[in-house]
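Engineer: predicted model follows, preceded by the sequence.
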2 protein chains.
Amino acid sequence: MEEHRWTSRPGELLRAEEGFRLDAVDPGSHPGFGGDKVAGKRELARRREVLGDLQERLFAASRAGEAKGAVLLVLQAMDTAGKGGIVRHVVGGVDPQGVELAAFKAPTPEERAEDFLWRIEKRLPQPGFIGVFDRSHYEDVLIGRVRGLADAAEIERRYGAIVEFERRVAASGVRIVKVMLHISRDEQKQRLAERLERPDKHWKYDPGDIDERMRWDDYMAAYQLVIERTSAPLAPWYVVPADSKWYARLAVQELLIDALQDIDPQWPKADFDVEAEKRRLAAS
Amino acid sequence: MEEHRWTSRPGELLRAEEGFRLDAVDPGSHPGFGGDKVAGKRELARRREVLGDLQERLFAASRAGEAKGAVLLVLQAMDTAGKGGIVRHVVGGVDPQGVELAAFKAPTPEERAEDFLWRIEKRLPQPGFIGVFDRSHYEDVLIGRVRGLADAAEIERRYGAIVEFERRVAASGVRIVKVMLHISRDEQKQRLAERLERPDKHWKYDPGDIDERMRWDDYMAAYQLVIERTSAPLAPWYVVPADSKWYARLAVQELLIDALQDIDPQWPKADFDVEAEKRRLAAS
């Protein structure tokens, strides 16, 4: 029995197309999924098998030198939107041996001395891997813009540099999936309050989070610009409503499945004589 | 209700002590665990929560600069013994953000030009992380010895260099857990046969595996020597019977839990005024 409740492919519903307006997306909505939280969690578990199987095929094909594909999941969001939960519950569902995770913090002085894409390029996934960027080069045109860390001309240059960079990465065989986890201002308030209530969550709280929160509208405007300026056929942006954690996880899992199905990795053919090896093994 | 079936701590039962004999270990045994496969799998799922909680505390404490501890799990074994399954089912149970995985293949020409520990040192886990070595510097005294890749004097030097190296690593706050997954020659034959039967497993098969298999006794002698020469109070070897995959996974999970409980990481104290932040949040 088919259990899924998707009425349309989330990739099609969530991809930012020409004329996209961030302020028209409801962070509390569940586009394309007809089920509730219980159904969503069941679906997440069920589809994890599919994702895991595709990931193993991708890995196997690359080890045999038969495929050069990789996937790069770029995660961007306001604080508390659930990047960590995506890594834990979606990415954590596949074999760690096939994942390359890179968390980008504020750049070090050494990194700052280089072009902003320098540290990014070094962490691109190798063939056969699913790479995950927890924050990314997009910080340089998000906080970079909102906080005026670079002047307007430099921000402008960066949009173009990103488009060129991603075009080159895609041409090398990397499927790029860019995700903005979109929460509401109210939901963020609740999540920050929870971090303040629970001593085991204090370590996740940073007073600076409130400073960024105070600039909510500036950030939304910066995201709108990023999406307009850097969406491309081979490097699309997906805006995923994230007030419901279960929906966001389910949707991102489907985006990864789509990317892998697009690569369509096959189990590599044996490069040895199977029957001869059976005889060798039997004699050993 | 306590569900567990351990009659003794696996760490105590499986640690190679003075006078240890590898040939006295039955790869099909389940030391200390009274349950069957079903009970073992249930226990693995139940204790995963404990491991995950400890890992998160370790990560949190290090992020707050309050602890410098890390764990290093070294996995060594004959082919098919289940290293990959440990990574997938035990390590894969914790948050990927807290794990640093390093798979060591045959050294590259660049690596070969350096001391054998050069590439190892670069992959040691940072504070707050669980590092996992899928193969390690021990290959240099295992295949290195069996295949005569280095002369006897050099192998001898390496035992001492490893002991010194691990002493230094342990002193820096890294709990070292060295595991030999111990399968029987018969079990390996069955697992290799399965890889040959199933086209989706062919990519895991390497005709060279049979060549190594033909030297089984040499490898067991090399492991015996490694364990004698490199066991140390702060870098003990654990020999884990691995003919039952479920037992090996369960036992290694317990070894990781022991190492983390030994560090005893605590949730860091807030370095900000919680009540003041609640007021700032409420006003935002």
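Structural biologist: Ah, there it is. Given the structure is predicted, the values throughout are model-derived calculations rather than measurements.
Engineer: all contacts plus neighbour counts: C-alpha atoms, from now on.
Structural biologist: OK.
Engineer: is stretch A:273-282 positioned near chain B?
Structural biologist: Yes: between stretch A:273-282 and chain B, judged by C-alpha under 8 Å from any C-alpha of the partner chain, the touching residues are A:Val274, A:Glu277, A:Lys278, A:Arg280, A:Leu281.
Engineer: pull that stretch out as CSV, backbone CA atoms only.
Structural biologist: Output for stretch A:273-282, consisting of C-alpha atoms alone and laid out as CSV, is shown next (Å, rounded to 0.1, in the frame of the first residue of the first chain):
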residue,chain,number,x,y,z
ASP,A,273,35.1,-12.7,-13.2
VAL,A,274,32.4,-13.6,-10.6
GLU,A,275,32.4,-17.3,-11.3
ALA,A,276,36.2,-17.5,-11.2
GLU,A,277,36.2,-15.7,-7.8
LYS,A,278,33.6,-18.1,-6.5
ARG,A,279,35.9,-21.0,-7.3
ARG,A,280,38.9,-19.2,-5.7
LEU,A,281,36.8,-18.5,-2.6
ALA,A,282,35.6,-22.1,-2.4
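Engineer: could you find the closest non-adjacent residue to A:Leu124?
Structural biologist: Using C-alpha to C-alpha, 6 or more residues apart in numbering or on different chains and skipping residues adjacent in sequence, the residue nearest A:Leu124 is A:Gly131, 6.8 Å away.
Engineer: how much space between that neighbour and B:Val179?
Structural biologist: In this structure, A:Gly131 lies at 29 Å from B:Val179, with C-alpha to C-alpha, to the nearest Å as the measure.
Engineer: when these two are compared, which one has more neighbours?
Structural biologist: Between A:Gly131 and B:Val179, counted using other C-alpha atoms under 10 Å in any protein chain shown, the more crowded position is A:Gly131 (25 against 21).
Engineer: wait, that one sits on A:Val71?
Structural biologist: Yes: the pair A:Gly131 / A:Val71 is scored as a contact, 6.0 Å apart, by C-alpha atoms under 8 Å.
Engineer: which neighbours do the two share?
Structural biologist: When C-alpha atoms under 8 Å, 6 or more residues apart in numbering or on different chains defines a contact, the residues bordering A:Gly131 and A:Val71 alike are A:Pro125.
Engineer: what does the stretch 151-284 of chain A have sitting close to chain B?
Structural biologist: Counting by C-alpha under 8 Å from any C-alpha, the positions of the stretch 151-284 of chain A adjacent to chain B are A:189, A:192-193, A:196, A:199-200, A:202-204, A:207, A:210, A:213-214, A:267-270, A:272, A:274, A:277-278, A:280-281, A:284.
Engineer: can you count the residues close to A:Asp262?
Structural biologist: Counted with other C-alpha under 10 Å, the burial measure for A:Asp262 works out to 11 neighbours.
Engineer: ok now the helix or strand the residue nearest to A:Leu124 falls within, how far from the chain's centre?
Structural biologist: In the assignment (DSSP states H and E), A:Gly131 maps to strand A:130-134. Relative to the chain's own centre, strand A:130-134 is displaced by 6 Å; criterion: C-alpha atoms, centre = their mean, to the nearest Å.
Engineer: listing partners with orientation, what would you give for that strand?
Structural biologist: Under the criterion DSSP bridges, strand A:130-134 sits next to strand A:70-77 (parallel), strand A:99-103 (parallel) in its sheet.
Engineer: deepest of these, which one?
Structural biologist: Ranked by mean neighbour count, the strands paired with strand A:130-134 are led by strand A:70-77 with a mean of 24 (mean count of other C-alpha atoms under 10 Å in any protein chain shown).
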